[in-house]
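Participant: fold the stuff below for me.
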Amino acid sequence: MTNITWEKIEGSKTDKSWPEKGQELKVGDSVEGRYVEKNSNVGPNQSNIYILERGNETIGVWGSTVIDGRMANVAIGKMVKIVYKGIQSSEKGGRKYKDFDVFQGIDVAGDEGKVRGVNLQDDPELPGHIEDNAEKESLPF
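Facilitator: Numbers count the residues shown, from 1 in each chain. The predicted structure is shown next:
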């Protein structure tokens, strides 16, 4: 058997959670940061926790049916903003639930060729602009 040095792996540590324990959310309350990690099956309800970084701070956002469904479409590394929309009633059965909007930033790695939604090749003021269609058509991508 080889001599291996082992390092214990701990769960993610966060500086705070959102919402804070005991915090009553108000419509419009929000949290934002860079999405860096997802922890699954946490706690007695086997919930997800989404880890966001904002500056030197890490924030754990507890998942819910709504948040989990929307965060499934967000890649790790994206900027994320989650906004509380209030209590809603489901169409089927009228069950009440907390509703959230989830937004992702578009000016991050993975959105190459775009600056604030503008294609670099089409804007003559930005680097990467291509002057004529002949050059555009000759590009391999």
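Participant: where does the prediction get shaky in this structure?
Facilitator: By pLDDT under 70, the low-scoring segments of the chain are 1, 9-11, 107-141.
Participant: which stretch of helix or strand covers Lys38?
Facilitator: strand 30-42 (DSSP states H and E).
Participant: and that strand, how far out from the chain's middle?
Facilitator: Relative to its parent chain, strand 30-42 has a centroid offset of 7 Å by C-alpha atoms, centre = their mean, to the nearest Å.
Participant: residues contacting it, please?
Facilitator: 11-12, 18, 46-54, 57-59, 61, 71, 74-84, 104, 108 (C-beta atoms under 8 Å, 6 or more residues apart in numbering). To be clear about C-beta, it is placed using only N, CA and C from the backbone, and glycine gets the same treatment.
Participant: partners of it, with directions?
Facilitator: strand 47-54 (antiparallel), strand 79-89 (antiparallel) (DSSP bridges).
Participant: now do the domain split for the chain, please.
Facilitator: Split into domains by automatic domain parsing, the chain comes to 16-106, 111-141.
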